[in-house]
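In: I'd like to go over a predicted model; first the sequence, then the structure.
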Amino acid sequence: MKLWRLDCGALWVADMNEYSDTLAFTGRSIRMADSCYLIRHGETYMLWDTGLPKADLGKTLKEGPADNEAYSVSIVDQLAEIGVKPAQITLIAISHAHFDHIGQAADFPAARLLIGKGDVDFLRTGADPEDAAPLAHWLTGGGAMKAVSGDADIFGDGTVTMLDLPGHTAGHHGLMVRLAHTGPVLLSGDVAHFRENLETNGVPPFNDDRARSLASMDRFRTLAKNLGAVAIIQHDERDVAKLPAFPAGAE
């Protein structure tokens, strides 16, 4: 077992109240990470989230009055640094179907896609086709896909588990990875976007369900405490830095 954190870009949020339905961050801006993760389980390689869309590759992040996002190196190019080819990625697990988590999925068409059932239902019935485009290969039957309900033990041995954490979206999941030396690692998806929201039960106004968001934050915090886990909020640069910098990985 090994876990690598990949650099899948950065986002500039000009008004942090976009992420607070109680307006807790008036006058504050934030730079957020857009992190993705590679997991090796025996001979199997799996991606957790696939970052920003290709349209943002090569852009420059601008810390000004408008939101924007950018990244400088693709997932494919990062994998090449450690000798992993796109065809070796046999699983992609997605926390949820927002643009900054599915953007490069189409680079791995041979992989089986795991994604929450609530998000699959939305993509098929309520999403803008353009927003769903990075996953169209799977949604139209071109690739293998599993719509995940509840928790899912991906390899059947308890080492990698998709955690049912709805609220941000209907099918939102986090991920638990149990490593031999590091111990349990919890990856948040977007159960929260930065520490301040997780610590104070802050809910973005665009979340799917407020009550479920609060329950999922409570579950994430309690799991981290009970397991003594390394808890990583995937958009918080402070948390992403808890894992070794690529190309090193955690074991």
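Out: Sure, I can see it.
In: ok, residues contacting the worst-scoring helix or strand of the chain on mean pLDDT?
Out: Across the helices and strands of the chain, mean pLDDT, DSSP states H and E gives its lowest value to helix 129-132, namely a mean of 86. Outside helix 129-132, the residues that touch it by Cβ atoms under 8 Å, 6 or more residues apart in numbering are Ala97, Phe99, Leu123, Ala136, Leu139. Using the backbone N, CA and C atoms, a C-beta is placed for each residue, glycine as well.
In: could you flag which of those residues are buried?
Out: With burial judged by 16 or more other Cβ atoms under 10 Å, the buried subset of the contacts of helix 129-132 is Ala97, Phe99, Leu123, Leu139.
In: from those residues, which is closest to Tyr71?
Out: Phe99 (12.6 Å; Cβ to Cβ).
In: who's in contact with the residue nearest to that closest one when sequence neighbours are not counted?
Out: Nearest residue to Phe99 in three dimensions, chain neighbours excluded: Pro53, at 6.0 Å (Cβ to Cβ, 6 or more residues apart in numbering). Shown in contact with Pro53 (Cβ under 8 Å, 6+ apart): Phe99, Gly103, Gln104, Pro134.
In: What spatial separation is found between Pro53 and Leu113?
Out: Distance of Pro53 to Leu113, given as Cβ to Cβ, to the nearest Å: 17 Å.
In: try Ser20
Out: 32 Å.
In: circling back to that earlier point, what pLDDT, on average, does the helix or strand following the least confident helix or strand of the chain get?
Out: For helix 129-132, the succeeding helix or strand toward the C-terminus, using DSSP states H and E, is helix 136-139. Average pLDDT, helix 136-139: 96.
In: Pull the residues that contact the helix or strand following helix 136-139.
Out: Sequence order places strand 145-148 as the next helix or strand after helix 136-139, per DSSP H and E. Outside strand 145-148, the residues that touch it by Cβ under 8 Å, 6+ apart are 112-117, 120-121, 138-139, 152, 162, 171, 173.
In: Surely Ala170 and Ile115 touch.
Out: No. Using Cβ atoms under 8 Å, Ala170 is not in contact with Ile115; the gap is 11.3 Å.
In: ok, back up a step: in the contacts of Pro53, find the pair that's most separated.
Out: Spanning the widest gap among the contacts of Pro53 are Phe99 and Gln104, at 11.0 Å by Cβ to Cβ.
In: For burial, what's the neighbour tally of the closest residue to Pro65 other than its chain neighbours?
Out: Nearest non-adjacent residue to Pro65, counting by Cβ to Cβ, 6+ apart: Ala14, 5.5 Å away. By other Cβ atoms under 10 Å, 16 other residues sit near Ala14.
In: any idea how far Ala14 is from Thr22?
Out: Applying Cβ to Cβ to Ala14 and Thr22 gives a distance of 19 Å.
In: go on, Thr169?
Out: Distance from Thr169 to Thr22, by Cβ to Cβ: 20 Å.
In: Which of the two has more residues huddled nearby?
Out: Thr169 (25 against 11).
In: where does that one fall, helix, sheet strand or coil?
Out: Assigned by DSSP: H, G, I helix; E, B strand; the rest coil, the conformation of Thr169 is coil.
In: wait, it sits on His98?
Out: Yes. Counting by Cβ under 8 Å, Thr169 touches His98, with 7.2 Å between them.
In: For Lys225, give me the pLDDT.
Out: pLDDT, Lys225: 98.
In: quick one: average confidence on stretch 116-124?
Out: On average, stretch 116-124 scores 95.
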